[in-house]
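**Q** no sequence on this one, just coordinates:
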C-alpha cells in the first residue's frame, strides 16, 4: 500500500527482477539466491512502523542460516535450522522462542506486536508462547528483505505475499491473510 517501492541491492550484477520471479505460493513469488536484498527505506509519511505491527510472509526456505527480513525495529531470522522473530522494544531485543524451519515446503509466518506481547504464528497457529514486550518500539525503520550484503546472513529461498500492517492483527484478520 501507499505506493512504497523497495529497491534491490545486488552484489553480482544489475538485477533483473523478472529473473528472480518464480512460481510462488499463489501466482508469482520472488526467489532469493543469497546475492540480492530488497531495501525499503523508512518514510515518515507512508512507511514508518513505530507502534503495533504485524509482518506476514509466505516462505519456502532452502536456508538454515539467514536474516530473512530485518530492520532496526523487528526481524525474522534463521540459525541452525531454527527460526524466530524479534522486536526492539525500549532499546532491548525481545525474541520469540525458536521453532524448526521446514525446508523446501511453503509455510506462513506472522510476527505480531501489540505494544505488550510479541507473538509468532506459523500457518496461523501460535508457534511459541507470547513474549512480554511492553514499551516503545525503537531502532531504524529501514527494512531489508533477504539479508544485508556483507553485514548479515543473506537468504536463499522463496518469498511470497509479504504484508506489513501497523496493528496487531485479530484472529479473523490473521485467517484472512493466511487464506490469501
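**A** Happy to help now that I have it. All of these numbers come straight from a predicted model, not from anything done at the bench.

**Q** could you list the low-confidence segments of the chain?
**A** For the chain, the stretches with pLDDT under 70 are 1-19, 42-47, 149-152.

**Q** quick check: closest non-adjacent residue to the residue nearest in space to the middle of the chain.
**A** Central residue of the chain (CA atoms, centre = their mean): residue 69, 4.0 Å from the mean position. Once flanking residues are discounted, residue 69 sits nearest to residue 76: 4.6 Å by CB to CB, 6 or more residues apart in numbering. From N, CA and C alone the C-beta is placed, and that goes for glycine too.

**Q** which strands border the strand or helix carrying that neighbour, and is each parallel or antiparallel?
**A** Using DSSP states H and E, residue 76 sits in strand 74-79. Strand 74-79 pairs in its sheet with strand 66-70 (antiparallel), strand 82-89 (antiparallel), by DSSP bridges.

**Q** pull the residues that contact it.
**A** 49, 53, 55, 57, 61, 63-70, 83-88, 98, 101, 109, 111, 113, 137, 153, 155 (CB atoms under 8 Å, 6 or more residues apart in numbering).

**Q** just the buried ones from those residues?
**A** 49, 53, 55, 57, 61, 63, 65-70, 83-88, 98, 101, 109, 111, 113, 137, 153, 155 (16 or more other CB atoms under 10 Å).

**Q** related to what we said a few turns ago, quick check: beta-bridge partners of the residue nearest to the centre of the chain?
**A** residue 76, residue 145.

**Q** which residues of this structure fall in helices?
**A** 171-178 (DSSP state H).

**Q** so the residue nearest to the centre of the chain versus residue 116, what's the distance?
**A** Separation of residue 69 from residue 116 (CB to CB, to the nearest Å): 22 Å.

**Q** what's the answer for residue 155, then?
**A** Going from residue 155 to residue 116 by CB to CB gives 30 Å.

**Q** likewise for residue 132?
**A** Applying CB to CB to residue 132 and residue 116 gives a distance of 8 Å.

**Q** now do residue 148
**A** According to CB to CB, residue 148 stands 29 Å off from residue 116.

**Q** these two: which has the busier surroundings?
**A** Of the pair residue 148 and residue 116, residue 148 is the one with more neighbours under other CB atoms under 10 Å, namely 16 against 13.

**Q** which residue is the nearest non-sequential neighbour of that one?
**A** residue 37 (5.9 Å).

**Q** quick one: the one you found and residue 143 touch, right?
**A** No. Contact criterion CB atoms under 8 Å: residue 37 and residue 143 do not qualify, at 10.1 Å.

**Q** now residue 24. Nearest residue, chain neighbours left out?
**A** Once flanking residues are discounted, residue 24 sits nearest to residue 160: 3.6 Å by CB to CB, 6+ apart.

**Q** nothing else from me, thank you.
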